[in-house]
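**Q** Build me a model:
(2 chains)
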Amino acid sequence: MRFLRAQARRLSGALADLGIGDDAVDPARPFVLVAPGAGGARITALNQAAAATGLAVGELLANARAQARGLQARDADPAADATALRRLAVWCLRYSPRVMACDEASGGAGIFIDITGCAHLFGGEAALCADLARRLRDFGLAPRLALAGTAGAAWALAHYGHDGTIVSAGGEAAALRDLPPAALRLDDGTLTLLRSLGFRRIGALIDAPRAPFAARFGEAILRRLDQALGRVAEPLAPVLPPPVYRAQAVFADAIVAQDHVLAAARRLLHAVVRDLERDGKGMKRLRLLLFRVDGGVVPIELGLAAPTRDPGHVARLLALRLDRRVDDMETGAGFEAASLDVLAAAPMVEHQAGFTAHGTAARPDGLARLVDRLVQRFGSGAVRRIATRASHIPERAAVLCPAIEAPPGDWTAAPQGERPPLLFDPPELADVVALIPEGPPRQFRWRGQRHTIVHADGPERIAPEWWRRSRGDAEATRDYYIVEDEAGRRFWIYRAGLYGRETVSPRWFVHGVFP
Amino acid sequence: MQAMTNASTFWTAPDEASPPEPSARTTRLAALRQLLAQAEHATRSAGPGPGPGRESAVLPLDLPALRDHLPGHGLARGCLHEMTAASTADTAAAFGFVAALTGAALAARPGPAVLVVARRGLAGHGIPYGHGLRRLGVDVSRLIVVDVRNETDALQALEESLRAEAGLAAVAGVLGRSPDLTASRRLSLAAAASGAPLLLLRPAQVAGASAAATRWRIAALPAGRDAHGTFARWRWAVTLERCRNGRPGHWTFEWDHAAHRLRAAAVLADRALPARPGQAAVRRAR
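**A** Sure, this is the predicted structure:
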């Protein structure tokens, strides 16, 4: 495992340099972010111009104003910082499929990039680091990079070592030996204690016997040490789920046109399909990431109704999606790189496109392709199948669910009673006149129209599902009637609540219409 | 050979559909039409349109009353069939009829069916309900329901479905506005390419010119009851207003709950119009 830690000191201030958040800030003049602290507002981040005047993080804003003329100050916005960091982390996906963003709570704003097996694509580890550093500097950030075999060691070196340190595999202990214990991401209390006990270097911690440490400090300190040295694994949450298969391309020149994006996507698809064919799999879910020159990323995610390995089909779906997004897609100065990530793959057997009984050129995966295309055009919520559920409550017994999930329904156990082909969801309240409260309806008023009932069939009694406890009429016993009015139209109406046992004034609802 | 009759009828002019002469010439005319159909088919549909070698170009409806009114004695596959509710209140009835026909198409051929519903098409009439559709003979597990926001999307979804090589058994659509001539022509061309019947339920307004092969008007009738007085048969007053190479007519059809199929109502069976009615006569009969 090779972890690259990109530590952007003064990240918030630098992001402000980019003009993120506030257009009125002049990046050439001193600028600080402040947050309430002991004794008043204190500086939490500053830009290079502010640092040049001798300001530092933690100073009182009142003192800083006296020290730097024309100081611009804004309230720190941790949420916006986190968003910006995440965006930067997503952009870093161009280097590796596994990127982790860490907020302040887990040891300073920064990004871990797991470049295991990726460095050769960029001409080696040193070249990759140099490329990343140059690009981050171009964004106006002041990055500190370190590359090591563990995330902990990379973090330590990025914070307390030299910028651009690259530690070869197994060299972590030697590299960390001279760093202060703070490089192990420990909390302030522990650090104070360690300092008072005379531990000034990590080397001393490595050499000291472990058992007394565990007894005195608990597990935290040893765990951090072991993580930094690679003795235990450190689980990190990736900023986006890592793909199963991936293909990526860096373009010589930024591309903007939709055709060019599609052509690039098609090339990537062909590359991915080769791997899929080798493994006998088809893609179920994929993501196309387009990396903008200015550090933005446009993600396009696709789900497929059935596993497929057909680049042409997927490219058409991407084209449909791009058509839909053409208005809100920010191309900026163009895309300089793209990656195609297969997020989920499923085993797939190749079918022969053969002859069918009725002579049309039906493909075995024709329906899946149709569903995919309709989904891309109208959204996955618009293309649905009707699934049956084991319930007696009519509106729960059959539900429309996205066709892409394709739930297998068992329709053999369907109810025996008559059901209308059109159902109102939710049922509509109606004024009903019945001779006796528990009897069949004689007349009802619905949508401002009076219907005299000529004939009523029923009741079909449907008891509530007691295992779903909730209040209201939805859970009252229902007596369903099929009624026909004098115009020859039939309705499915029900009385909610048993008269005398559940309610004294039952309400009536129109739930559907029969042909 | 009769199966080919309908294949030709796409590009014939709308007013060509007037009913044939009730004389001995009828048979000769029919023969000539077939000849014409073959000739037209040979030039027109090089693609997988309806034609020889296909299992059947019509959807058999098992309705004897309809036999002599529809070319090929059934609902032509690969054609656009327009259904209209007689009034807005009859929309549910018309939807039921379309569902029953879709069910028949699903039963006649393997493969899925697509139901495209424009939001305005069923506004105020509820949403399609699986168990109810199943009662009308629709194999719900093979049905894809596409909900679209507007008419343009609906037409697009219909055409996309028809153009897909998915071996569809039927394509049905519920529209909120009648498609214009161009749109309906596009649809019927797409239907011809797919070989699946396209059933279109459009709102109860006066429609303009259309490229539909048949045009039906459907109204609700009081349901038939069994000996115990419970509902046993949904009934529709069905008017075939226009049929290319066929004769208009008016019938009462019913859905037999016990037999699970569409049939002509026993009492009023085959109330076909005289052989040469004008459009006005059709209206009066209704």
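
**Q** Give me the neighbour count for residue B:247.
**A** 21 (other CB atoms under 10 Å in any protein chain shown). Quick note: C-beta positions are derived from backbone N, CA and C, even for glycine.

**Q** And it, how close does it get to residue A:28?
**A** 87 Å (CB to CB, to the nearest Å).

**Q** try residue A:430
**A** From residue A:430 to residue A:28 the distance is 71 Å (CB to CB).

**Q** Please see if stretch A:505-515 touches chain B.
**A** Yes. With CB under 8 Å from any CB of the partner chain as the criterion, chain B is reached by stretch A:505-515 at A:512, A:513, A:514, A:515.

**Q** got it, and stretch A:371-380?
**A** Yes. On the criterion CB under 8 Å from any CB, stretch A:371-380 is in touch with chain B at A:371, A:373, A:374, A:377, A:378.

**Q** For that stretch, what is the distance to the chain centroid?
**A** 20 Å (CA atoms, centre = their mean, to the nearest Å).

**Q** Which pLDDT value does the model give residue 188?
**A** Looking at chain A here, since you left the chain open. Note for residue A:188: predicted pLDDT of 81.

**Q** could you do chain B instead?
**A** According to the prediction, residue B:188 has pLDDT 90.

**Q** Can you pull out the low-pLDDT segments for the stretch 1-150 of chain B?
**A** For the stretch 1-150 of chain B, the stretches with pLDDT under 70 are B:1-23, B:37-56.

**Q** which of the residues of stretch A:371-380 next to chain B has the most neighbours?
**A** Each of the residues of stretch A:371-380 next to chain B was scored for neighbours by other CB under 10 Å, and residue A:371 scores highest at 29 neighbours.

**Q** That residue contacts residue A:404, doesn't it?
**A** Yes. Contact criterion CB atoms under 8 Å: residue A:371 and residue A:404 qualify, at 6.6 Å.

**Q** anything in contact with each of the two?
**A** A:305, A:383 (CB atoms under 8 Å, 6 or more residues apart in numbering or on different chains).

**Q** sorry, back to before: when residue A:430 and residue A:28 are compared, which one has more neighbours?
**A** Between residue A:430 and residue A:28, counting by other CB under 10 Å, residue A:430 is the more crowded of the two (19 against 10).

**Q** Just to check, residue A:169 is in contact with residue A:149?
**A** Yes. Counting by CB under 8 Å, residue A:169 touches residue A:149, with 4.8 Å between them.

**Q** The two: who's more crowded?
**A** residue A:149 (21 against 11).

**Q** In CSV: the residues of stretch A:371-380 next to chain B, plus secondary structure, distance to residue A:202 and pLDDT.
**A** Listed next are the residues of stretch A:371-380 next to chain B as CSV, based on DSSP: H, G, I helix; E, B strand; the rest coil; distance: CB to CB, whole Å; pLDDT from 0 to 100:
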residue, secondary structure, distance to residue A:202, pLDDT
A:371, helix, 57, 88
A:373, helix, 58, 89
A:374, helix, 59, 90
A:377, helix, 58, 86
A:378, helix, 58, 87
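
**Q** Show me which of the residues of stretch A:505-515 next to chain B is closest to chain B.
**A** Taking CB to the nearest CB as the measure, chain B sits nearest to residue A:515 out of the residues of stretch A:505-515 next to chain B, at 2.4 Å.

**Q** And what about the spatially most distant residue from the centre of chain B, helix, strand or coil?
**A** What lies farthest from the middle of chain B is residue B:228; by CA atoms, centre = their mean that is 33.5 Å. For residue B:228, the assignment made with DSSP: H, G, I helix; E, B strand; the rest coil gives coil.

**Q** ok so residue B:146 is a strand residue?
**A** Yes. According to three-state DSSP, residue B:146 belongs to a strand.

**Q** and it, bridged to which residues?
**A** Residues in a beta bridge with residue B:146, per DSSP bridges, are residue A:383, residue B:116.

**Q** Let me see the contact set for it.
**A** A:374, A:378, A:382, A:383, A:384, B:114, B:115, B:116, B:117, B:157, B:161.

**Q** Does the fourth one touch residue A:400 like I think?
**A** Spelled out, that is residue A:383. No. Contact criterion CB under 8 Å: residue A:383 and residue A:400 do not qualify, at 9.9 Å.

**Q** When these two are compared, which one has more neighbours?
**A** Legend: neighbour count by other CB under 10 Å for residue A:383 and residue A:400, higher for residue A:383 (28 against 18).

**Q** can you pull the contacts of that one?
**A** A:371, A:374, A:375, A:402, A:403, A:404, B:144, B:145, B:146.

**Q** Redo the contacts of residue B:146 as TSV? Include distance to residue A:287.
**A** Formatted as TSV, the contacts of residue B:146 follow (distance: CB to CB, whole Å):
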residue	distance to residue A:287
A:374	20
A:378	21
A:382	21
A:383	20
A:384	24
B:114	28
B:115	31
B:116	29
B:117	31
B:157	26
B:161	27
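
**Q** Quick check: residues of the stretch 401-515 of chain A near chain B?
**A** Residues of the stretch 401-515 of chain A lying near chain B (CB under 8 Å from any CB): A:403, A:409, A:411, A:414-415, A:418-425, A:454-455, A:457, A:482, A:484, A:487-490, A:512-515.

**Q** I'd like to know which of those are part of strands.
**A** When DSSP state E defines the strands, the subset of those inside them is A:422-425, A:454-455, A:457, A:482, A:484, A:490, A:512-514.
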